[in-house]
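Peer 1: What would the 3D arrangement of this be:
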Amino acid sequence: MEIPEGLGQHGEGKPLLAQYLPGKMRVLSGAQHLSFSKLRDGARSTQCSCSVCDSLLFVDNPSYEGLICAVFPEFCPIANNADVEPAFRVQVNDWPAAERAKLQPLPSYWKHPETGDYLDEDGKPDTGFKDMREAFLDTVKPVVAAAEGLTFAELLASAGGDDTIQVLGLPELPASSQLRHSAGKL
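Peer 2: Reported below is the predicted structural model:
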């Protein structure tokens, strides 16, 4: 798979665009080609990919509470999806400050790996993201409840469950706030 322009090196160019959609998928065919992975041991997010073409389809994280999934339209375009401009940035502490300064200003947040507090890009406590996240999840709950399809957990279970999740063993990036925290540099 070819990497879209500007996304080749973490910390340079532009951050990856993530979109969040209601967390039920209608799989019309090809469910046998779904594969599940985590980037490394202990990773919280689980990716679902196509085992035939290796396209990343969607991602689940426990913080999504089974209500949403993340998709990355620059890698796997979504049919009938209008061009979307980013509304905010997350995990900005993992992006070099000098490179972040070159980007269009947006509300920006990161979650402290130890305290779980949401902080702004200067490291100051900020409840804006938490409030926005909770309002979004409250809005999505009735949509997901009424939707046809399977949740991420149901798709994973139908593929064989947690035992089928491949751990890719990718190293943590040097700029990662999680890595800096574990090294006592955060």
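Peer 1: which residues pair with the spatially most central residue of the chain across the strands?
Peer 2: For the chain, residue 70 is the residue whose C-alpha lies nearest the centre (CA atoms, centre = their mean; 5.0 Å). Taking DSSP bridges as the rule, residue 70 bridges to residue 20, residue 59.
Peer 1: my guess is it contacts residue 17, does it?
Peer 2: No - counting by CB atoms under 8 Å, residue 70 does not reach residue 17; the two are 10.3 Å apart. No exception for glycine: its C-beta is placed from N, CA and C like everyone else's.
Peer 1: Regarding the spatially closest residue to residue 62 that is not a sequence neighbour, what are the backbone dihedral angles?
Peer 2: Closest residue in space to residue 62, ignoring its immediate chain neighbours: residue 44 at 5.9 Å, by CB to CB, 6 or more residues apart in numbering. The phi and psi values for residue 44, taken as degrees, to the nearest 10, are phi -90, psi -30.
Peer 1: Which pLDDT value belongs to residue 44?
Peer 2: We have a pLDDT of 90 for residue 44.
Peer 1: How much space separates it from residue 149?
Peer 2: Noted for residue 44: a distance of 23 Å to residue 149, by CB to CB, to the nearest Å.
Peer 1: Tell me where the protein has helices.
Peer 2: For the chain, helices defined by DSSP state H occupy the ranges 97-100, 128-146, 152-158, 177-182.
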